[in-house]
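Chemist: predicted model and sequence follow; I will ask about them next.
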Amino acid sequence: MTEPSPTDVAKDQLLSIIERIERLEEEKKGISDDIKEVYAEAKGNGFDTKVLRKVISIRKQDSAERQEQDAILELYLSALGMPT
């Protein structure tokens, strides 16, 4: 029995990596579709999906980052003469 050549090993590794990425992409699409369905359900129940997306974005931030962004937003609005 002959040893596989380095080219064969690299080819097998490459194929394995590509197949794993393809499976993950399929899973990601499925999850993305599930998220769209939940947003559609929320919209059907009268929720504003733009606001829901903003809430989710805010919840991902840590407190200090959120406070900094709020302060900058307030500064910009104030500079434009807009109420805060």
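Modeler: Cool, the structure landed.

Chemist: where does pLDDT dip in the chain?
Modeler: 1 (pLDDT under 70).

Chemist: give me the most central residue, it.
Modeler: Geometric centre of the chain, nearest residue: Ser32, 9.1 Å, by Cα atoms, centre = their mean.

Chemist: where's it, which helix or strand?
Modeler: helix 6-44 (DSSP states H and E).

Chemist: what's that helix packed up against?
Modeler: On a contact count with 3 or more Cβ pairs under 8 Å, 6 or more residues apart in numbering; DSSP states H and E, helix 6-44 meets helix 49-60. Bear in mind the C-beta positions are built from the backbone N, C-alpha and C, glycine included.

Chemist: give me the contact list for the helix it packs on.
Modeler: 39, 42-43, 66 (Cβ atoms under 8 Å, 6 or more residues apart in numbering).

Chemist: can you give me the neighbour number for Leu52?
Modeler: 14 (other Cβ atoms under 10 Å).

Chemist: walk me through the domains of this structure.
Modeler: 1-46, 48-84 (automatic domain parsing).

Chemist: quick one on the thing from earlier: distance of the residue nearest to the centre of the chain relative to Ala40?
Modeler: 13 Å (Cβ to Cβ, to the nearest Å).

Chemist: again, but for Ala10
Modeler: With Cβ to Cβ as the criterion, Ala10 and Ala40 are 45 Å apart.

Chemist: for the contacts of helix 49-60, which one is nearest Leu24?
Modeler: Using Cβ to Cβ, Tyr39 is the member of the contacts of helix 49-60 that lies nearest Leu24, at 22.4 Å.
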